[in-house]
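Participant: just need the structure, nothing else, for what follows:
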Amino acid sequence: MRTGLMGGTFDPIHIGHLIAAEAAMEEAGLEEVWFIPTNTPPHKPQPGADGSRRRAMAAAAVADRPGFRVEALELERGGVSYTIDTVIALQEREPDREFHWIVGTDMMNDLPNWRRIEELAERISFICLGRHGEESEEADLPDYLRRKIVPARMTPIGVSSTDIRERKRSGRSIRYLVPQAVLDYIEGNGLYES
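Facilitator: Numbering: from 1, shown residues only. Reported below is the predicted structural model:
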């Protein structure tokens, strides 16, 4: 079963994440997309919402979409979340699945800096979603990575979790930037308020 993996803090998950997952599913012929909330990201600040809340928001966001699900492996494992560790654990647990990591062009250009990237590239391919205003630099990637890139297109959308948190803190609306179920969760739990 062809399965896309989308990692992130999802702090909060928003429509851009869902549009990217939908595009990856269609463009790369995936049967499922698993959203993997990061426990502690290696190169970003610690998320504002704790792991259980980020997991709950992601689950609420995908509840009505067959083929989308939340995988809490990184939250359950704890510590710093590295893609290679997650992929190895999932391949051991689900040997009949063919996994593909979903990235944007910004992350694709950073792949050579990922932990144990050569081993990771032996195990999976990378579905690279082209976003508005970002140029793909595939030619600058090492050959072992270029062979593992699956290009895909998505509808350009300029939404970020950082902007959503800032809007919420300043009392501005985040309606339509997140699914209604996520908005209800954020407001019901007082998340991201000043």
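
Participant: going forward, measure contacts and count neighbours with C-alpha atoms only.
Facilitator: Noted.

Participant: mind listing the strands for the chain?
Facilitator: 2-8, 32-37, 68-70, 98-104, 125-130, 149-153 (DSSP state E).

Participant: next, format those strands as CSV and append mean pLDDT, distance to residue 24 and mean neighbour count.
Facilitator: Below are those laid out as CSV (pLDDT from 0 to 100; distance: least, C-alpha to C-alpha, whole Å; neighbours: other C-alpha atoms under 10 Å):
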stretch, mean pLDDT, distance to residue 24, mean neighbour count
strand 2-8, 97, 8, 21
strand 32-37, 98, 8, 24
strand 68-70, 98, 12, 21
strand 98-104, 96, 7, 22
strand 125-130, 94, 7, 24
strand 149-153, 92, 7, 19
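
Participant: so which of those is nearest residue 43?
Facilitator: Closest to residue 43 of those is strand 2-8 (C-alpha to C-alpha; 11.4 Å).

Participant: before we move on, back to that, want to try JSON lines for the strands of the chain, with distance to residue 159 as columns?
Facilitator: As requested, these are arranged in JSON lines below (distance: least, C-alpha to C-alpha, whole Å):
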{"stretch": "strand 2-8", "distance to residue 159": "14"}
{"stretch": "strand 32-37", "distance to residue 159": "17"}
{"stretch": "strand 68-70", "distance to residue 159": "20"}
{"stretch": "strand 98-104", "distance to residue 159": "13"}
{"stretch": "strand 125-130", "distance to residue 159": "15"}
{"stretch": "strand 149-153", "distance to residue 159": "17"}
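
Participant: which one of those strands lies closest to residue 180?
Facilitator: Per C-alpha to C-alpha, nearest to residue 180 of the strands of the chain: strand 68-70, 16.8 Å.

Participant: understood, closing this out.
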